[in-house]
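In: Attaching a predicted model along with its sequence, questions to come.
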Amino acid sequence: MTKRRLTPAEIEYNETRANVLKRVDSSYVADAPFVFSNRIAVTAALSRMELFKKVLDVPGAIVECGVYKGNSLMLYMHLSMILEPYAINRSIIGFDTFEGFTSIDKNEDPSDINENMFSDTDQSLIQDMINANDLVRPVNRIPRCELVKGDIVKTVPEFVKTRPDLVVAMLILDTDLYAPTKVALETFLPYMPKGAIVVLDEVAYRNFPGETSALREVFDLNKIELKRLPFDSSVGYFHI
Ligand SMILES: C[S@@+](CC[C@H](N)C(=O)[O-])C[C@H]1O[C@@H](n2cnc3c(N)ncnc32)[C@H](O)[C@@H]1O
């Protein structure tokens, strides 16, 4: 995995931000998140908004494989609450171990990653905020957002058996790894109508080639129209 070298200006930016953060408490940060957000975080938010708009007219679930701290998942929940508050046929489903990487493939994934990576998260914290948002949204007796804990290689095939109502409008593949990406693609594909979109967060990305290998094994690249968002250098997506 090649590490990105920070420029002196980026190092100074990071130091300044760390020092400024020491001057405020967490509620200050929560009230004014953009004061502290860096370019990468704002780009990610903007690209998720663009992608969400592409499936506003497609019923079904937004499935995120790889939730980590829930930043994107909760943004999707907010967008759904704001842009389609009465969409009882929309659910947002997040799959993660909430304990870090698992099912690392020694041939397809980078050799210098390990199972501790992304383990610094807290599922109960995300669940508490889902529940808090449920208090203030319309038709809140119908769940909008749910978390499924465990290895996607196992949980995703088990999950679809329990949900005969499942339609997937947007499948977001962001585990960074080969095996969970492949299982998620193969399992959810039959549930995706024409017009639904598949999003890969690390497509054509040398540091984490597993998502791209999995994509190539499930789809003929000549037959999908893989696109990027011009301002986001990592995300790729295509319509079914
Ligand atoms: C890059 S992070 C996801 C970031 C998140 N989508 C966001 O936008 O904030 C990758 C996540 O994939 C999860 N993950 C990796 N392999 C997994 C597997 N086999 N099953 C479940 N989760 C997995 C990790 O635990 C980690 O939280």
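Out: Received it, and whenever you're ready, just let me know what you need.

In: C-alpha from now on. contacts and neighbour counts both.
Out: Will do.

In: domain assignment for this structure?
Out: 1-36, 39-239 (automatic domain parsing).

In: Which of the ones you listed has the highest mean neighbour count?
Out: Neighbour counts averaged per stretch over the domains of the chain are highest for domain 39-239, at a mean of 17; criterion: mean count of other Cα atoms under 10 Å.

In: re earlier: let's have the domains of the chain in CSV, adding distance to the ligand and mean pLDDT.
Out: Formatted as CSV, the domains of the chain follow (distance: least, Cα to the nearest ligand atom, whole Å; pLDDT from 0 to 100):
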stretch, distance to the ligand, mean pLDDT
domain 1-36, 14, 91
domain 39-239, 3, 96
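
In: could you pull out the strands for the protein?
Out: 61-65, 92-96, 145-149, 168-173, 197-200, 227-228, 236-239 (DSSP state E).

In: contact partners of the fifth one?
Out: Spelled out, it's strand 197-200. With contacts defined as Cα atoms under 8 Å, 6 or more residues apart in numbering, strand 197-200 is touched by 55, 169-174, 211, 235-240.

In: partners of that strand, with directions?
Out: Sheet pairing of strand 197-200 (DSSP bridges) gives strand 168-173 (parallel), strand 236-239 (antiparallel).

In: Reformat those strands as JSON lines; add distance to residue 206.
Out: Listed next are the strands paired with strand 197-200 as JSON lines, based on distance: least, Cα to Cα, whole Å:
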{"stretch": "strand 168-173", "distance to residue 206": "16"}
{"stretch": "strand 236-239", "distance to residue 206": "14"}
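
In: The ones you listed: which one's closest to residue 127?
Out: strand 168-173 (19.5 Å; Cα to Cα).

In: Give me the distance from the closest one to the chain's centre.
Out: 9 Å (Cα atoms, centre = their mean, to the nearest Å).
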